[in-house]
Structures are given as structure tokens and as C-alpha cells.
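Novice: Make a model of this:
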Amino acid sequence: MVRVREASHAGSWYTADGAQLGGELQDWLNDVPDAIPEIEPAGSRCQAPVTGVRAIIGPHAGLSYSGATAAYAYRCIDVTKVRRVFLLGPSHHVYLEKCAVSACDEYETPMGNIRVDRDTIDELRSKWGPDAWQFMSTRADEDEHSLEMHLPFIYKIFEASVDRIRLVPIMVGNLRLEKERQYGEMLAPYLADEKNLFVISSDFCHWGSRFRFTLYRDEDTQAFVHLGTTRSTTATAASAASAAFAASAGAAAQPIWKSIRDLDWMGMREIARLDHRAFARYLEETDNTICGRHPIGVLLAAVNSLYSRDQLDAALAAGSAASDAPRLRFVKYDQSSKVLSPRDSSVSYASAYLCW
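Specialist: Down below sits the predicted model:
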């Protein structure tokens with residue numbers, strides 16, 4: 001009996017009408033220019049599709065919010081050689097300290113199903129043990145949106161040859177740095193194979209009191225303060241910081257949304273450097289609410305397993321001239337809304353590609 005993971009978020013997070021969904025996805029993809037400006041590090045353009053893309057980073061919010069941003073990542077993919085898609089997303093509902101793989105045979109989308117690569121999942125479990133690669137329950141699988149929200153785009157870009165690709169869905173738990181390194185080493189041989197594509201699912205900063213994260217950086221002092229109550233900030237301190245912001249707002253204080261952007265871009269710079277430890281330090285220092293921090297960490301660890309720090313730094317210095325070395329570039333950044341008041345909230349979205 002074929003076990004099918006249902007498209008449980010269809011009809012709420014995106015349309016359940018396959019024809020309508022396909023049209024929306026195509027419109028977003030068509031809106032991406034052939035020459036895409038790279039925003040981090042800034043100054044270059046890439047020609048879509050990008051030769052040698054091994055991985056992308058893309059958001060997983062409702063498609064009406066993040067679909068246009070995600071399309072930038074998917075336009076970078078050259079589908080010609082890809083036969084297998086590793087889909088890594090964070091767990092929002094089940095607490096894990098490891099990684100979990102799907103027990104299903106197919107993943108449903110309103111446009112058609114994508115077959116799961118049972119052979120590769122069995123290979124991971126056989127080589128590294130079922131404890132390292134446990135199965136997620138069907139309920140946990142279907143509850144998790146970070147994986148599902150990428151399925152429509154995956155189906156769309158492979159639409160003409162979807163029967164030839166296989167999917168390896170991986171739910172990434174709350175991993176410590178060393179665990180990220182270990183899983184990165186396990187997945188590195190697959191990342192090195194040009195027939196594999198890695199899709200890393202992550203939103204960026206979740207800002208606002210409802211997320212218990214209100215970090216703000218003053219443009220003049222560069223000091224970080226919280227404008228709302230968090231786990232580490234008292235209501236009195238938060239109220240004082242919020243009042244100080246309100247008092248300075250008329251004197252050209254930096255808008256909150258720009259502070260959020262600066263905070264995200266600090267992390268994006270470390271990701272673009274392909275520096276696993278530096279990204280971890282950034283998260284420790286800022287506690288930015290990047291929900292896919294661990295899938296991103298596993299990707300960086302896999303790259304760091306394949307290439308030395310000297311090789312990566314040399315590639316950064318050489319820029320696009322170092323065609324044989326890994327290159328990660330962000331191509332789109334957006335926010336669900338522009339936060340102007342401590343009472344507002346937003347979620348940030350970013351898209352990137354990794355190639356060599």
C-alpha cells in the first residue's frame with residue numbers, strides 16, 4: 001500500500017486548486033529577472049538559471065506572503081542534471097534533538113504527487129543507524145509546514161520531468177553545534193553529487209511581542225536594546241526602551257524595519273561566508289529568530305566538511321572568478337510588513353543559492 005503524505009496546508013496556506021496554484025507559481029517565477037541582482041555580498045548579478053547550483057535557501061510562510069521571494073531561489077536552479085531533492089526544514093510542532101525522515105512513499109501537492117526516495121532514506125538509516133535518522137510520525141509529517149510549503153515550487157520547476165526525481169524529506173531538530181557538524185558530514189557526500197539538490201527551508205527574523213523578540217539597534221550608538229518583554233528582558237526595562245524609542249522617533253531614529261533588516265543581513269553575511277562557526281556565534285550573540293537556523297547550520301557544516309576554511313576564504317576573495325569553489329549568494333530579501341512601532345510585528349524572508 002502506497003503511503004501518501006497529504007497536502008494538509010492546501011486550502012489555507014495556499015490554494016488547493018492545482019491549475020490556479022500552477023499559474024500563481026509561474027507568475028512569480030516569470031517576475032524574476034533573468035539577470036538577478038545579488039544582494040549579499042552586494043554588487044554582482046547572476047544569470048538564471050545558475051550553473052552548478054547545489055542548494056537553495058528559501059522561506060516557508062504562506063505563499064501569498066513569501067511566494068514572490070521564494071521564486072528567486074527557484075529561478076536559480078538548473079534542473080537539467082538533478083535527480084534527487086533533499087528537503088531540510090525545521091520542526092515547529094515536535095521537539096527533536098536529532099533529524100527525522102519521512103516514512104511516506106509520496107508527498108501530495110494539488111498539482112500532482114512527488115515520490116519519496118525510499119532507497120536513500122534506507123541508506124542513511126543503514127549507514128548511520130535508525131537512532132540518528134528516526135522516522136517522523138505521519139501526524140508530525142503532515143503538521144509540519146516548513147517542508148510542505150516548498151513542495152509546490154519543487155513540483156513546478158520539475159513539472160516536465162517530475163517522474164524522474166525523488167524526494168528526501170528531512171525534519172531537522174534542535175541540534176547543538178556538534179550535532180549540526182555530524183549531520184553535515186553525513187550529508188556532505190550527497191551535497192557533492194551534482195545529481196542532488198538541497199532545499200533549505202527557513203524564514204528569517206520573527207519580530208514583535210507575539211514572537212517575544214523585539215531587538216532594536218540604535219543607528220548612532222549601534223547598541224542593541226529590546227523594545228518589548230522577552231525571556232531575558234523585564235517589563236520595566238522593555239517599557240523604558242520602548243519609551244526612549246518613541247521619544248526619539250521624531251528625531252530621525254532608525255525605523256524598526258531597517259534595524260530588523262540590518263540584523264538579518266548580519267547573519268546573511270556569515271552564511272554567505274559559508275562559515276558554520278561564525279553563523280553559530282552570530283545566533284548566540286543576537287538570538288535572531290531564524291527558524292531554520294539548524295537546517296542552515298547543517299548545510300554550512302556539510303560545505304565545511306568538503307572544503308577547508310582557506311579554500312573558502314580564497315574563493316570569497318576571488319569572487320565569481322573562482323568557478324570551482326563554493327559560492328553562496330543571497331538574491332532576494334523581503335519582510336511581511338514594515339515595522340514602525342514596537343506594537344507591530346513582521347517576518348523576514350530571504351532567498352539564496354549555493355553553487356560550485
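
Novice: immediately after the helix or strand of the chain with the lowest mean pLDDT, which helix or strand?
Specialist: None of the helices or strands of the chain scores lower by mean pLDDT, DSSP states H and E than helix 235-248, at a mean of 52. Sequence order places helix 256-272 as the next helix or strand after helix 235-248, per DSSP states H and E.

Novice: which other residues reach that following helix?
Specialist: The contact list for helix 256-272 (C-beta atoms under 8 Å, 6 or more residues apart in numbering) reads 40-41, 57, 204-205, 207, 215-217, 219, 227, 245, 278-279, 281-283, 286, 288, 290, 296, 300, 328-330, 333, 335, 337-342, 344, 346, 348, 350, 352. Quick note: C-beta positions are derived from backbone N, CA and C, even for glycine.

Novice: Can you select the buried ones from these in PyMOL?
Specialist: Selecting only the buried entries of these in PyMOL, with 16 or more other C-beta atoms under 10 Å as the criterion:
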select buried, resi 40+41+57+204+205+207+215+216+217+227+245+279+282+283+286+288+290+296+300+328+329+330+333+335+339+342+346+348+350+352
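
Novice: Report the contact partners of Tyr349.
Specialist: Taking C-beta under 8 Å, 6+ apart, we find Tyr349 in contact with 59, 61, 65-66, 69-70, 203-204, 332-336.

Novice: what's the spacing between it and Leu96?
Specialist: Tyr349 sits 24 Å away from Leu96, taking C-beta to C-beta, to the nearest Å as the criterion.

Novice: What about the contacts of Tyr349, which are in helices?
Specialist: Tyr65, Ser66, Thr69, Ala70 (DSSP state H).

Novice: which of those residues are buried?
Specialist: Tyr65, Ser66, Thr69, Ala70.

Novice: can you list the residues you listed in a markdown table and add pLDDT and distance to Val172?
Specialist: As requested, those are arranged in a markdown table below (pLDDT from 0 to 100; distance: C-beta to C-beta, whole Å):
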| residue | pLDDT | distance to Val172 |
| --- | --- | --- |
| Tyr65 | 96 | 22 |
| Ser66 | 97 | 19 |
| Thr69 | 98 | 21 |
| Ala70 | 98 | 18 |
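
Novice: And those, which is closest to Ala19?
Specialist: For these, the minimum distance to Ala19 (C-beta to C-beta) is 19.8 Å, reached by Ala70.

Novice: That closest one - nearest residue in space that isn't next to it in sequence?
Specialist: Gly58 (4.3 Å; C-beta to C-beta, 6 or more residues apart in numbering).

Novice: again with Ser102
Specialist: Of all residues not flanking Ser102 in the chain, Pro169 sits nearest, at 4.4 Å (C-beta to C-beta, 6+ apart).

Novice: Ala223 now?
Specialist: Nearest residue to Ala223 in three dimensions, chain neighbours excluded: Arg217, at 7.0 Å (C-beta to C-beta, 6+ apart).

Novice: now Leu147: how far from Tyr190?
Specialist: Leu147 is 17 Å from Tyr190, where distance means C-beta to C-beta.

Novice: Of the two, which one has the most company?
Specialist: Set Leu147 next to Tyr190 and count neighbours by other C-beta atoms under 10 Å: Leu147 wins out with 25 against 19.
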